[in-house]
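>>> can you look at this prediction? I've put the sequence above it.
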Amino acid sequence: MSGGVEWGLHCCVVLSGAGEPVPAAKLAELHDVSPSYLAKQLQLLSRAGLVRSTLGQSGGYVLTRPASEITVLDVVEAIDGAVPAFRCTEVRQRGPLATPVEECTTPCPIARVMDSADNAWRQSLRAVTVADLVSEVGRTTPAETLSLARAFLRS
């Protein structure tokens, strides 16, 4: 999983409570990340329909729907794509003791295990929303820090 997923999730959490559009440069400054790098992640989130940009003096990024309707998996797939983490290359059909293609009538046991793990991982990420993350951040982050973050975004 790329680092862009982490930045994308942090941005979604911030945007969920911002109340107004947040410029990409402000998000980059808040998170101490390169503005051009963060802009790429925001573009991916925008292409996936999770955020949209607004133009003008008070322009910036906003979520396109409530945080309770955006899952962690939505963000992961927006940034990294929906490609499974494991791709079977049919190793059992290679080498001096290769199993002939016509005898490979069931999926490779390794591929089955990896596919099962990938499905479980995706299901777990699908079960957590950005709103859930916001709640957890609110519960685990000092109130003063949250207040300072809100003030920073308004400045």
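Done, it's in.

>>> tally up the residues packed near residue 149, please.
By the measure other CB atoms under 10 Å, the count of residues near residue 149 is 16. Heads up, the C-betas are built off the backbone N, CA and C, glycines and all.

>>> same question, residue 129
Applying other CB under 10 Å, we find 20 residues neighbouring residue 129.

>>> mind listing the residues bridging to it?
Residue 129 forms beta bridges with residue 71, as assigned by DSSP bridges.

>>> residue contacts, residue 51?
Counting by CB atoms under 8 Å, 6 or more residues apart in numbering, residue 51 touches 11, 12, 15, 42, 45, 61, 62, 63, 64.

>>> now do the buried residues in stretch 8-23.
Buried residues in stretch 8-23, counted by 16 or more other CB atoms under 10 Å: 8-16, 18, 21-23.

>>> my bad, stretch 118-134
Under the neighbour-count criterion of 16+ other CB under 10 Å, stretch 118-134 has 122, 125, 129, 130, 131, 133, 134 buried.

>>> can you give me the neighbour number for the spatially closest residue to the fourth one that is not a sequence neighbour?
Closest residue in space to residue 130, ignoring its immediate chain neighbours: residue 67 at 4.0 Å, by CB to CB, 6 or more residues apart in numbering. The burial metric for residue 67, expressed as a neighbour count using other CB under 10 Å, is 18.

>>> ok, the closest residue in space to residue 59 that isn't next to it in sequence to residue 70 distance?
Spatial nearest neighbour of residue 59, excluding adjacent residues (CB to CB, 6+ apart): residue 21 at 5.7 Å. From residue 21 across to residue 70, the span is 17 Å (CB to CB, to the nearest Å).
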